[in-house]
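got a predicted model here, sequence first, then my questions.
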Amino acid sequence: MAEPPPTGRSKWLWIVVILILLVVFVVWTMRSSGERDLVATVPAGEETEWAVEPTGPAVPVTLPTTPMTNAPATEASE
């Protein structure tokens with residue numbers, strides 16, 4: 001046989017517990033969204049921890065002087 005629904009003190013206990021939890025949740029969400037620590041942000045310089053700017057002469061680069069030409073059209077691409 002099923003138990004009858006709670007009555008009396010236990011019924012009111014659960015109602016009070018649920019209301020307290022609801023109030024705590026609402027206060028917690030309102031507090032976290034309302035109070036923001038506004039800290040003045042100072043722009044930081046570029047991060048140089050991983051790459052150090054070279055101090056020596058630049059590396060010589062020789063580029064090819066081959067003239068650019070279009071590739072001939074194939075039958076498959078038409």
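That came through fine. Residues are numbered from 1 along each chain as shown.

so where do the strands sit in the protein?
Counting by DSSP state E, the chain forms no strands at all.

how long is stretch 50-67 end to end?
Using Cα to Cα, to the nearest Å, the end-to-end distance of stretch 50-67 comes to 39 Å.

residue ranges with poor pLDDT in the protein?
1, 5-7, 31-48, 76-78 (pLDDT under 70).

that one: helices as residue ranges?
9-34 (DSSP state H).

give me the neighbour count for residue 29.
Counted with other Cβ atoms under 10 Å, the neighbours of residue 29 add up to 10. The way it works is simple: take the backbone N, C-alpha and C, and place the C-beta from them, glycine included.

run a quick neighbour tally on residue 74.
7.

could you do residue 23 as well?
10.

how far away is it from residue 10?
21 Å (Cβ to Cβ, to the nearest Å).

then residue 65?
92 Å.

and residue 15, how far is that from residue 3?
Counting by Cβ to Cβ - residue 15 and residue 3 are separated by 18 Å.

let me fix that: residue 20
Distance, residue 20 to residue 3, by Cβ to Cβ: 25 Å.

looking at those two, which has the bigger crowd around it?
Applying other Cβ under 10 Å to residue 20 and residue 3 shows that residue 20 carries more neighbours, namely 10 against 5.
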